[in-house]
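K.L.:
coords please:
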Amino acid sequence: MPRHNSGPRGAHQQRPGGERTGRGGDSRLRIIGGRWRGRKLAFTPAEGLRPTTDRVRETLFNWLAPDIRDARCLDLFCGSGALGLEALSRGARHCDFVDTNSGNLQRVVAHLETLEARSMGTCHGGPADRFLEQAAPGWDIVFIDPPFEQGLAAPACRLLDQRKLLRPGARIYLETGAGEASPELPADWHLHREKRAGGVIYRLYFTPGDG
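P.N.:
Purely as a prediction, here's the structure:
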């Protein structure tokens with residue numbers, strides 16, 4: 001899915017099964033499951049946006065299928081918001097979207113309004129670490145897909161753990177570049193699934209607790 005936060009992540013380009021470029025230079029993301037399945041939402045390509053393929057999203061949400069219903073989600077480094085929107089489509093109760101790019105967040109608000117789901121999402125501008133330093137706890141699922149090779153994943157994970165922002169048995173999705181060193185994570189996070197797709201490695205972790 002396209003994401004952006006705190007710097008470039010490679011130029012936008014079409015990738016198989018991912019977003020398509022529409023008229024006027026806009027691109028489109030497609031929701032691939034749930035009540036909004038097949039809906040296409042426009043976003044404006046920007047420096048640093050890096051689309052993730054439909055195939056990766058489909059795999060991720062297959063992993064999350066037992067846990068998504070009524071979940072409270074957090075989409076850090078949200079970009080176009082495709083992961084959070086996909087979660088809402090599949091039954092999540094609410095999603096917080098966080099990004100430094102105000103244009104990205106404006107589009108997420110527009111997407112929520114288009115889907116008649118404005119009350120299901122809250123958008124937060126600014127760096128992920130600043131948001132987490134002030135956030136209230138209680139997330140069931142967190143999506144962490146930061147710009148590659150900028151060392152942003154580990155601090156976010158550390159704050160989630162240190163500030164006890166996750167519910168017991170929470171799920172954390174982490175996407176990094178295949179050439180990056182694995183970020184240091186809390187010792188009690190359990191790696192549940194891991195796959196590679198091209199230059200991306202994506203993982204799902206469980207925290208201690210239920211499940």
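K.L.:
I'd say Gly169 and Gly209 touch.
P.N.:
Yes - counting by CB atoms under 8 Å, Gly209 is a contact partner of Gly169 at 3.7 Å. Glycine gets a C-beta too; all of them are placed from N, C-alpha and C.
K.L.:
pLDDT of the longest helix that the chain contains, averaged?
P.N.:
Ranked by residue count, the top helix of the chain under DSSP state H comes out as helix 102-114. Computed over helix 102-114, the mean pLDDT rounds to 94.
K.L.:
Tell me which residues of it come out buried.
P.N.:
104-105, 107-109, 111-112 (16 or more other CB atoms under 10 Å).
K.L.:
And the residues you listed, which is closest to Arg163?
P.N.:
Distance ranking of the buried residues of helix 102-114 against Arg163, using CB to CB, places Leu105 first at 22.7 Å.
K.L.:
Confirm for me that that closest one is in contact with Asp99.
P.N.:
Yes - between Leu105 and Asp99 there is a contact under CB under 8 Å: 5.5 Å.
K.L.:
Overlap in contacts, the two.
P.N.:
When contacts are counted by CB atoms under 8 Å, 6 or more residues apart in numbering, Leu105 and Asp99 have 78, 123-125 as shared neighbours.
K.L.:
What is the burial count for Arg118?
P.N.:
13 (other CB atoms under 10 Å).
K.L.:
Tell me the spacing between it and Pro147.
P.N.:
Noted for Arg118: a distance of 28 Å to Pro147, by CB to CB, to the nearest Å.
K.L.:
do Leu76 as well
P.N.:
Counting by CB to CB, the gap from Leu76 to Pro147 is 11 Å.
K.L.:
What segments of the chain are helices?
P.N.:
Using DSSP H, helices in the chain cover 54-64, 82-89, 102-114, 128-134, 153-162.
K.L.:
Nearest to Ile201, out of those?
P.N.:
When the helices of the chain are compared by CB to CB, helix 54-64 sits nearest Ile201, at 10.4 Å.
K.L.:
Check which helices and strands that closest one sits against.
P.N.:
Where contact means 3 or more CB pairs under 8 Å, 6 or more residues apart in numbering; DSSP states H and E, helix 54-64 is packed against helix 82-89, strand 166-177, strand 190-197, strand 200-206.
K.L.:
Need the winner for burial among those.
P.N.:
For the helices and strands packed on helix 54-64, average neighbour numbers computed from mean count of other CB atoms under 10 Å are highest in helix 82-89, which has a mean of 28.
K.L.:
as a whole number, average confidence for that helix?
P.N.:
Here the average pLDDT along helix 82-89 is 96.
K.L.:
And the pLDDT for Asp188?
P.N.:
So, for Asp188, pLDDT stands at 95.
K.L.:
Since that was my last question, I'll sign off now.
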